[in-house]
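**Q** what follows is a predicted structure for the sequence shown.
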Amino acid sequence: MLSYQHAFHAGNHADVLKHWCLLETLLYLQKKDKPFDYIDTHAGDGLYSLKSQAALKTGEASAGVLKLIDNQPEVLKNYLDVVLSYIAQHKYPGSPKLVQQHLRSGDHAWFFEMHPQAITNLQKKLASKTGCFVKTEDGFKGLLSLLPNKNKRALVLMDPSYEIKADYRTVVETVEKAYKKMPQTVFLLWYPVVDREQITQLEKHFKKTVLKNVHLFEMGVADDANKGMTASGMIVVNPPWTLPEQFKSGFGEVSQRLSEDGIARTRYELLIAE
Ligand SMILES: C[S@@+](CC[C@H](N)C(=O)[O-])C[C@H]1O[C@@H](n2cnc3c(N)ncnc32)[C@H](O)[C@@H]1O
């Protein structure tokens with residue numbers, strides 16, 4: 001039984017990094033006329049209220065995206081342009097909502113979700129948009145059933161909550177299986193840093209795969225020795241070539257603004273070269 005609910009965390013520091021990465025990659029792919037499929041293996045609710053009991057209880061959006069509204073960092077321009085219109089209505093868009101509004105005719109989006117409440121919310125929030133499909137099944141298996149796709153172009157967001165510890169293994173195995181089916185796919189995998197050793201192992205597992213062109217982007221808001229999620233990262237396969245430079249030049253400021261002690265913590269690694 002899944003218990004994780006993203007409503008408690010929507011708009012936190014991890015969402016800032018994840019949704020920046022998602023939006024920049026999506027906009028880059030759309031520079032080409034050719035349609036593509038977006039596959040969200042762990043979709044969540046789609047849209048969140050910043051006034052819900054859950055959001056107010058944790059205050060994570062207040063310590064996250066809401067800290068960036070005045071004096072906006074340049075690197076977040078595209079992301080904040082989209083997100084601010086939701087924040088004005090005391091809402092925060094999840095990955096499905098962010099992507100849905102950018103879909104062109106011919107692009108398709110597949111949203112996998114298994115939590116009953118999240119499914120209901122997702123179906124309501126994405127109602128009647130052509131080209132969008134909500135699938136109430138396991139996103140890891142669903143991804144593999146969709147590749148290779150007709151247009152031979154796909155963007156995948158894999159964003160598990162890792163409440164099942166096996167997910168740290170499953171993400172690597174699933175990305176590798178999907179890559180073997182369609183190596184040109186762009187994969188965005190999110191990970192939390194709660195236990196640094198777990199992430200060191202995750203990186204090692206990636207390095208043992210057949211994958212090429214794998215980059216890691218990480219942003220922290222507290223020292224690793226602290227409790228809780230002190231940082232999070234994105235492992236990106238086949239990123240836009242512009243993404244590493246954007247991150248390296250711009251995310252120090254974002255991290256510093258969001259960190260508990262005013263210290264910037266970012267990490268970029270080329271995990272596996274092309
Ligand atoms: C971190 S949230 C997703 C947030 C969303 N991607 C966003 O950026 O707005 C993770 C979601 O994955 C769902 N989930 C967990 N295991 C799943 C699985 N095997 N397949 C599909 N969804 C799953 C959970 O119910 C939860 O809603």
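**A** Cool, got the structure. Numbering: from 1, shown residues only.

**Q** is the ligand contacted by stretch 177-187?
**A** No - in terms of CB under 6 Å from any ligand atom, no part of stretch 177-187 sits within range of the ligand; the closest distance is 13.8 Å. (C-beta placed from N, C-alpha, C; glycine too.)

**Q** quick one: mean pLDDT over that stretch.
**A** Mean pLDDT, stretch 177-187: 98.

**Q** which residues of this protein score low on pLDDT?
**A** 1, 127-128 (pLDDT under 70).

**Q** ok and the residue in the stretch 51-200 of the chain nearest the ligand?
**A** Using CB to the nearest ligand atom, the closest approach of the stretch 51-200 of the chain to the ligand is made by residue 94 at 2.7 Å.

**Q** so how far is residue 15 from that residue?
**A** 8 Å (CB to CB, to the nearest Å).

**Q** quick one on the thing from earlier: number of nearby residues for the residue of the stretch 51-200 of the chain closest to the ligand?
**A** Residue 94 has 28 neighbouring residues, counting by other CB atoms under 10 Å.

**Q** and for residue 47?
**A** 21.

**Q** show me where this structure has its strands.
**A** Secondary structure of the chain, counting by DSSP state E: strands at 37-40, 47-49, 91-93, 108-112, 132-135, 154-158, 186-193, 214-220, 231-237, 265-272.

**Q** tell me what the first one is packed against?
**A** Pointing back at strand 37-40 there. Contacts defined by 3 or more CB pairs under 8 Å, 6 or more residues apart in numbering; DSSP states H and E place strand 37-40 against helix 95-100, strand 108-112, helix 139-146, strand 154-158.

**Q** now with 6 Å?
**A** Here strand 37-40 touches helix 95-100, strand 108-112, strand 154-158, going by 3 or more CB pairs under 6 Å, 6 or more residues apart in numbering; DSSP states H and E.

**Q** quick one on the thing from earlier: isn't the residue of the stretch 51-200 of the chain closest to the ligand right next to residue 46, touching?
**A** Yes - in this structure, residue 94 is within contact of residue 46 by CB atoms under 6 Å, at 5.1 Å.

**Q** picking up where we left off before, closest to residue 205 out of the helices and strands packed on strand 37-40?
**A** strand 154-158 (14.2 Å; CB to CB).
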